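Asker: Output the structure for:
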Amino acid sequence: MLTLASKLKRDDGLKGSRSAATASDSTRRVSVRDKLLVKDEGYYQGGKFQFETEVPDAYNMVPPKVKCLTRIWHPNITETGDICLSLLREHSIDGTGWAPTRTLKDVVWGLNSLFTDLLNFDDPLNIEAAEHHLRDKEDFRNKVEDYIKRYAR
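Answerer: Coordinates of the predicted model:
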């Protein structure tokens, strides 16, 4: 499903190297790029979606910043790569946002859920895609397949 697991293990070792940074390096971030491979489930099956994760120095007190680098037609991901995933929210009134007990593995599983679970239309980021799905599921599927063929192979 994912190829990010080995990089997550390496990131654990980066925490020690960050402590050697000078005060002027306080904005330095660890950046991880990898692909989420969607197997044989749902609308996005067969797609390869690349994400970039920036882990700030204040991690684990603040969430990492995640961006989808692959153009996609999705109700919770904009075509420019912004992602709506509750666990990436620093402040959340429903209790599902970021907490210091969360890990990068939780982020990976959250990203995976965007591709395998029923799409969330209560709070879509890409309203046009959400409305498209509600209006015409078959045409929505065709547009997703077109995006996968163009951008996610």
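Asker: What residues sit buried inside the helix or strand that residue 113 is a member of?
Answerer: With the criterion set as DSSP states H and E, the secondary-structure element containing residue 113 is helix 104-116. Within helix 104-116, the residues that qualify as buried are 104, 107-108, 110-112, 114-115, counting by 16 or more other Cβ atoms under 10 Å. C-betas here are computed from N, CA, C, even on glycine.
Asker: Doesn't residue 51 belong to a helix?
Answerer: No: secondary structure assignment (DSSP: H, G, I helix; E, B strand; the rest coil) places residue 51 in strand, not in a helix.
Asker: residues near it, how many?
Answerer: The burial metric for residue 51, expressed as a neighbour count using other Cβ atoms under 10 Å, is 21.
Asker: Check it and give its pLDDT.
Answerer: Residue 51 is assigned 90 on the pLDDT scale.
Asker: so how far is residue 63 from residue 97?
Answerer: Taking Cβ to Cβ, to the nearest Å as the criterion, residue 97 is separated from residue 63 by 8 Å.
Asker: Okay, now the unreliable bits of the chain?
Answerer: Applying pLDDT under 70 to the predicted model, the residue ranges of the chain that meet it are 1-40, 93-94, 118-121.
Asker: what about the strands in it?
Answerer: Taking DSSP state E as the test, the strands found in the chain are 30-37, 48-55, 65-68.
Asker: Same question for the last one: list its buried residues.
Answerer: Neighbour-count burial for strand 65-68, with 16+ other Cβ under 10 Å as criterion, is recorded at 66-68.
Asker: which secondary structure elements does that strand contact?
Answerer: Counting contacts by 3 or more Cβ pairs under 8 Å, 6 or more residues apart in numbering; DSSP states H and E, strand 65-68 packs against strand 48-55.
Asker: Quick check: which helices or strands does the strand it packs on pack against?
Answerer: The criterion is 3+ Cβ pairs under 8 Å, 6+ apart, and the helices and strands that strand 48-55 contacts are strand 30-37, strand 65-68, helix 104-116.
Asker: and the angle for that strand with helix 104-116?
Answerer: Between the axes of strand 48-55 and helix 104-116, defined by axes from the mean of the first three to the mean of the last three Cα atoms, to 10 degrees, the angle is 150 degrees.
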